[in-house]
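Participant: A predicted structure for the sequence below; I have some questions about it.
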Amino acid sequence: QMQLIESGGGFVQVGGSLQLSCAASGRSYSTYVMGWFRQAPGKERTFVAGISWNGDRKSYSDSVLDRFTISRDNIKNTAYLQMNNLKPEDTAVYYCAVRPGPDAIPIGRKQWDYWGQGTQVTVSS
């Protein structure tokens, strides 16, 4: 089993920034894709961003494009989500996810194998 631990969530005002981190440990794979999803109260968990093993492919949802940036450090087994110009609608629990393999970044949550426990992001106006 692979374990994922998210950190970096918190409260921020509209227009502010936060950086989330996701550290992977436990079972190792030769390659794996990392991603971020979010779930607001009463809503489905939806794809936010994903990054391939070597970082050359990135995918974003339309709602965060040009505001969020995903990156990773394979030496630290850690992915990051830099969130800028935050809006109230970004308020959600953010989950890190891992899918073994080099570069496929699916947007469906069922296609990801491992999940973190989530970190709350609250954007206040």
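Facilitator: On my side now, so go ahead. Treat the numbers as computed from the prediction; the structure is a model and nothing was measured.

Participant: what residue lies at the spatial centre of the chain?
Facilitator: W36 (2.1 Å; Cα atoms, centre = their mean).

Participant: next structured bit after whichever strand or helix holds that one?
Facilitator: Here W36 sits within strand 32-39, counting by DSSP states H and E. On the C-terminal side of strand 32-39, the closest following helix or strand by DSSP H and E is strand 46-51.

Participant: helices or strands up against that following strand?
Facilitator: strand 32-39, strand 58-60, strand 68-73, strand 78-83 (3 or more Cβ pairs under 8 Å, 6 or more residues apart in numbering; DSSP states H and E). C-betas here are computed from N, CA, C, even on glycine.

Participant: hmm, 10 Å instead?
Facilitator: strand 32-39, strand 58-60, strand 68-73, strand 78-83, strand 92-100 (3 or more Cβ pairs under 10 Å, 6 or more residues apart in numbering; DSSP states H and E).

Participant: Name the nearest residue to the residue nearest to the centre of the chain, ignoring sequence neighbours.
Facilitator: V48 (4.3 Å; Cβ to Cβ, 6 or more residues apart in numbering).
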